[in-house]
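**Student:** A predicted structure for the sequence below; I have some questions about it.
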Amino acid sequence: MQTWQPTASIDALRLRAALLAAARRYFGDRGVLEIETPAFVTTGVTDVHIDSVRAAAPALGLEGYLITSPEYSMKRLLAAGSGDIYQICHAFRDGERGRWHNPEFTLIEWYRIGFDSDQMMDDVESLLGMLLAPFRRWRPASRLSYGEAVRRFAGFDPFDEPVTGMQRRLEQRGVDLPAGLGEERDAWLDLIMSTIVGPELGRPGLAFVHGFPASQAALARLRPGDPRTAERFEAFLEGVELANGFRELADAGEQRARFVADQSARRQAGRDAPPIDERLLAALAAGLPDCAGVALGFDRVVMFACGAHSIDEVIAFPGERA
C-alpha cells in the first residue's frame with residue numbers, strides 16, 4: 001500500500017463516524033453541553049507518567065504544548081458556570097506508539113456536576129454499553145478496588161509490599177525489569193498493573209478498578225477515611241484500559257502542592273518539567289463545583305466495535321503517514 005493511502009478501511013471510517021454520532025446523541029439526550037477548548041496551550045502537564053508534545057508559533061511569540069487532555073481548560077469552564085460538559089477532541093502524547101497507541105488520538109472527556117466516582121462509573125458503563133452492545137455480547141460491569149485487583153491477580157497488598165517484594169514477583173512472572181526505577185513504589189506498581197494485573201481485567205465483560213493509591217491520582221480527591229487512596233477509577237475491557245476517571249480535586253492549594261511535587265519528581269528523573277497552569281489554579285480558587293470527570297479513549301472503543309487488531313485500522317492516517 002502506498003503511504004498516501006489511509007490505514008483504515010472506508011467501512012471502518014464509516015463505523016467510526018456512526019459511533020461519534022451515537023456518542024453525541026447520548027450526551028445530548030442527557031443535557032450535557034458539547035464544548036471546544038484549545039489544542040495548543042501554554043502549559044503542559046506535570047504528570048510524571050505523561051510527556052507533552054512541544055509546539056510553537058514563532059511569528060506570534062508563542063511557545064507551548066499540544067494538549068494531552070482538555071482537562072485543565074474544561075475545568076476553567078466548569079468554574080465559570082458551564083454546568084455538565086463534554087468534548088470530543090484530539091490529544092497528543094510523546095513517546096506513545098504501538099498496537100493501542102498513536103501519538104495523536106481521540107478522547108471523549110466529560111464532567112458531571114454533583115456526581116461521585118460511583119455515579120461516574122455508572123455513566124461510563126451506560127455510554128460504553130450503548131456504543132458496543134450492538135457489536136458484542138454485553139453484560140453488567142464488575143467493580144473491584146485497586147487493592148483487591150492487585151491481591152487477586154498479583155498476590156500481594158499494594159499498600160504494604162516492599163519494592164524488593166514487587167521486584168521478586170515480577171521476576172517470577174518472567175517480566176523484564178527496566179533499569180532506572182530505583183525505589184519508586186509507584187513506578188513498580190505501574191509496571192505490575194500494566195504487565196500482570198491489567199491484562200486480566202475486563203474478562204469476560206467491562207471491569208472497573210477504583211480506589212487507586214493517592215500518589216497515583218494527582219487530580220482526584222482523597223477517599224474520606226482512607227487517605228492512602230483516591231477517588232480515581234479506570235475501566236478495562238479484555239485487558240485494555242478504556243477510561244480513566246476522577247472525583248475532581250477542587251482545593252487550589254492542595255492541587256498546587258501536587259503539581260510542585262510532580263515537577264520535582266520529573267526533574268529528579270532528568271525529564272522536562274512543564275510550568276504549572278496558573279489559570280487552572282485560579283479557576284479552582286474561584287470555585288470548582290463538586291463534580292466527577294472521565295476521559296475515554298475513543299479509538300479503542302472503535303477497535304472493539306469492529307474487531308480491529310491495531311489502532312491503525314480505525315484512524316485514517318497514523319503518525320507515520322500524517
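**Tutor:** That came in fine, so what should we check first? Numbers count the residues shown, from 1 in each chain.

**Student:** can we go C-alpha only for contacts and neighbour counts from here?
**Tutor:** OK.

**Student:** Tell me where the model's unsure across this structure.
**Tutor:** In the predicted model, the chain carries pLDDT under 70 at residues 1.

**Student:** Could I get the full set of strands for it?
**Tutor:** 33-34, 40-41, 53-57, 62-66, 85-92, 104-113, 142-145, 207-210, 222-223, 226-230, 232-237, 240-247, 291-297 (DSSP state E).

**Student:** now these in CSV, with mean neighbour count?
**Tutor:** Written out in CSV, the entries for these read as follows (neighbours: other CA atoms under 10 Å):
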stretch, mean neighbour count
strand 33-34, 15
strand 40-41, 20
strand 53-57, 16
strand 62-66, 18
strand 85-92, 21
strand 104-113, 22
strand 142-145, 16
strand 207-210, 25
strand 222-223, 20
strand 226-230, 17
strand 232-237, 25
strand 240-247, 23
strand 291-297, 24
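
**Student:** With distance to Leu13 added, can I get those strands in TSV?
**Tutor:** Conversion of the strands of the chain to TSV gives the following (distance: least, CA to CA, whole Å):
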stretch	distance to Leu13
strand 33-34	22
strand 40-41	26
strand 53-57	26
strand 62-66	25
strand 85-92	16
strand 104-113	13
strand 142-145	31
strand 207-210	27
strand 222-223	40
strand 226-230	38
strand 232-237	22
strand 240-247	20
strand 291-297	16
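
**Student:** can you tell which of the ones you listed is closest to Ile311?
**Tutor:** Proximity to Ile311 (CA to CA) singles out strand 104-113 among the strands of the chain, at 9.4 Å.

**Student:** other SSEs contacting the closest one?
**Tutor:** Identification of packing neighbours for strand 104-113 by 3 or more CA pairs under 8 Å, 6 or more residues apart in numbering; DSSP states H and E yields strand 85-92, strand 291-297, helix 298-306.

**Student:** can you rerun that using 6 Å?
**Tutor:** Secondary-structure packing of strand 104-113 (3 or more CA pairs under 6 Å, 6 or more residues apart in numbering; DSSP states H and E): strand 85-92, strand 291-297.

**Student:** hmm, back to that, so which of the strands of the chain gets nearest Arg185?
**Tutor:** Evaluated with CA to CA, the strands of the chain place strand 226-230 nearest to Arg185, the distance being 13.3 Å.
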